[in-house]
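Chemist: Predicted model follows, preceded by the sequence.
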Amino acid sequence: MSPRKTVNRGEYRDDLLQPQTRTNSISTDRDTDLLKKTDSIMVLKSMMSSMKLFVLCLLCMQNTMFTVLRRYSQGVLKENYSKYEVLLVGEIIKMIYSAYKVSSSLNAGEKAGQKLQYLLRRSSKMAVLALIYGAMNILSFVSLRNISAGMFTIFAQLKILTTATCSRVMLRRAYSMTKWRALISLMMGVLLFSEPIWNTKDMSVNPEGGNVVLGTAAVLIEVTLSGFASIYFEKVIKTDPEQLGIWERNYQLAFGSIPIYIMFILYDEGGDVGYFGGWSVVAGILSLLGAAGGMLVALSIKHGDSILKTLATTGAIVLSATLDHFMLGGPLTSIMCIAGVQVILSICNYTFDASPPEAPLQVALQVEGKGSNDEEMASLKANGRH
């Protein structure tokens, strides 16, 4: 028999304490890992919030600069050029820059030409969006030929509510009553801020021979399409199974928009000064700003949502009108000042609402066509290796 082991008083048995120590050590390691993960999530959320604010501020400044510079170009310098040509050049710039960004982010073995061709073959969803934008331009033209610019401005403010409604229906987002009140208040504030446009005798007279019913129906369809297009773009970016990047979607959208603007230019016959007549340095800068605006809209939707993008562009209306007054002598009445404060307060009420956040969007599973898409991407990579 082995001798019996005794333990004196005050003596500690390491073999008895070892299992408990090991358990405590594992629990401590798990707590440490959990804290590290929580800290990482908080840092990531903070970075995303900072990026969202940065992009929205850039979008607001871009809209402001574009509006003021266009006012200076056509109101002060009296430059005469086709707005469709400016938009066309902006889309070409956006397409070239997006193609460069896509090419610079390719994986090893992928070829730029094959990747860009693949994106064009898969650009049907962005082609639909380009067609919607083209239809909105046509509806604006029809509306302004049948109703006054004042009535058009009033109805145009409904874009804020149509965007929120489409977000609720298409993305299943739940907005608190505080946010809905803030959006309605924002719409009324923008309407009052544009009072010099719709509350003047010249702007409130309908065009001679115009059909008010047709013009009203056209602008209502346009604002509905505007809200739908914003949410459709957001849904494609965030929930499409292909999960293409921002630059890839911008490349597809620019490619689909170019033919539409060419058709508008041909229909307009280049405007009063002919094809690409009346261009200047300012017109070139406007094209650059237009291209930057398209890319910033996509980034703002990726890091935020369509409603926040609408808030940024709405804030730009107030900022651009203020700069227009002090720099170019534009109107700034007491009603506009009060309405500007209301717009700012409405944006703050929406942004800093303490209601529970909406559930994140989930990427839908692709049921049809997944295998063919995977095989096509695999073949592209295999060809790149050869």
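Modeler: Good, I have the coordinates.

Chemist: Strands of the stretch 251-386 of the chain, residue ranges please.
Modeler: With DSSP state E, counting those that start in this stretch as the criterion, the stretch 251-386 of the chain has no strands.

Chemist: which residues of it score low on pLDDT?
Modeler: Applying pLDDT under 70 to the stretch 251-386 of the chain flags residues 356-386.

Chemist: For residue 189, see how far away residue 57 is.
Modeler: Distance from residue 57 to residue 189, counting by CB to CB, to the nearest Å: 20 Å. The way it works is simple: take the backbone N, C-alpha and C, and place the C-beta from them, glycine included.

Chemist: How about residue 251?
Modeler: 37 Å.

Chemist: For this structure, just list every one of the helices.
Modeler: In the chain, the helices defined using DSSP state H lie at 14-71, 83-104, 112-121, 124-144, 149-156, 159-170, 177-193, 195-198, 212-239, 246-268, 281-303, 306-328, 334-351, 370-385.

Chemist: Distance to residue 274 and mean neighbour count added to these, as a markdown table?
Modeler: Listed next are these as a markdown table, based on distance: least, CB to CB, whole Å; neighbours: other CB atoms under 10 Å:
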| stretch | distance to residue 274 | mean neighbour count |
| --- | --- | --- |
| helix 14-71 | 21 | 13 |
| helix 83-104 | 11 | 19 |
| helix 112-121 | 32 | 15 |
| helix 124-144 | 20 | 17 |
| helix 149-156 | 26 | 19 |
| helix 159-170 | 34 | 20 |
| helix 177-193 | 37 | 19 |
| helix 195-198 | 30 | 17 |
| helix 212-239 | 29 | 19 |
| helix 246-268 | 10 | 20 |
| helix 281-303 | 14 | 20 |
| helix 306-328 | 28 | 20 |
| helix 334-351 | 38 | 17 |
| helix 370-385 | 43 | 12 |
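
Chemist: Tabulate these (TSV), appending distance to residue 77.
Modeler: Below are the helices of the chain laid out as TSV (distance: least, CB to CB, whole Å):
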stretch	distance to residue 77
helix 14-71	10
helix 83-104	14
helix 112-121	38
helix 124-144	24
helix 149-156	22
helix 159-170	30
helix 177-193	26
helix 195-198	22
helix 212-239	30
helix 246-268	21
helix 281-303	7
helix 306-328	11
helix 334-351	25
helix 370-385	49
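
Chemist: so how far is residue 295 from residue 103?
Modeler: Remark: distance between residue 103 and residue 295 (CB to CB) = 16 Å.

Chemist: burial count for the residue nearest to residue 273 when sequence neighbours are not counted?
Modeler: Distance criterion CB to CB, 6 or more residues apart in numbering; nearest residue to residue 273, sequence neighbours excluded, is residue 80 at 5.3 Å. By other CB atoms under 10 Å, 13 other residues sit near residue 80.

Chemist: check contacts around residue 80.
Modeler: Shown in contact with residue 80 (CB atoms under 8 Å, 6 or more residues apart in numbering): 74, 271, 272, 273, 277, 278.

Chemist: Recalculate using a threshold of 6 Å.
Modeler: Counting by CB atoms under 6 Å, 6 or more residues apart in numbering, residue 80 makes contact with 272, 273, 278.

Chemist: State the pLDDT value of it.
Modeler: The model reports residue 80 with a pLDDT of 87.

Chemist: In CSV, list the C-alpha atoms belonging to stretch 147-157.
Modeler: Extracted in CSV, the C-alpha atoms of stretch 147-157 (Å, rounded to 0.1, in the frame of the first residue of the first chain):
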residue,chain,number,x,y,z
ILE,A,147,-48.6,74.8,-64.8
SER,A,148,-46.7,77.7,-63.3
ALA,A,149,-43.2,77.5,-61.8
GLY,A,150,-44.7,78.4,-58.4
MET,A,151,-47.1,75.5,-58.4
PHE,A,152,-44.3,73.2,-59.6
THR,A,153,-42.1,74.3,-56.7
ILE,A,154,-44.9,73.7,-54.2
PHE,A,155,-45.6,70.2,-55.4
ALA,A,156,-41.8,69.4,-55.7
GLN,A,157,-41.5,69.6,-51.9
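
Chemist: Relative to the whole chain's centre, how far out is it?
Modeler: Relative to its parent chain, stretch 147-157 has a centroid offset of 24 Å by CA atoms, centre = their mean, to the nearest Å.

Chemist: what mean pLDDT does that stretch have?
Modeler: Stretch 147-157 shows a mean pLDDT of 82.

Chemist: Renumber starting at 28 from here on
Modeler: Yes, from this point I'll number from 28; that puts the last item at stretch 174-184.

Chemist: which residues sit against stretch 287-298?
Modeler: Stretch 287-298 is contacted by residues 109, 111, 112, 114, 115, 157, 161 when judged by CB under 6 Å, 6+ apart.

Chemist: Report the contact partners of the second one.
Modeler: To tie it back to what came earlier, the one meant is residue 111. Taking CB under 6 Å, 6+ apart, we find residue 111 in contact with 288, 291, 292.
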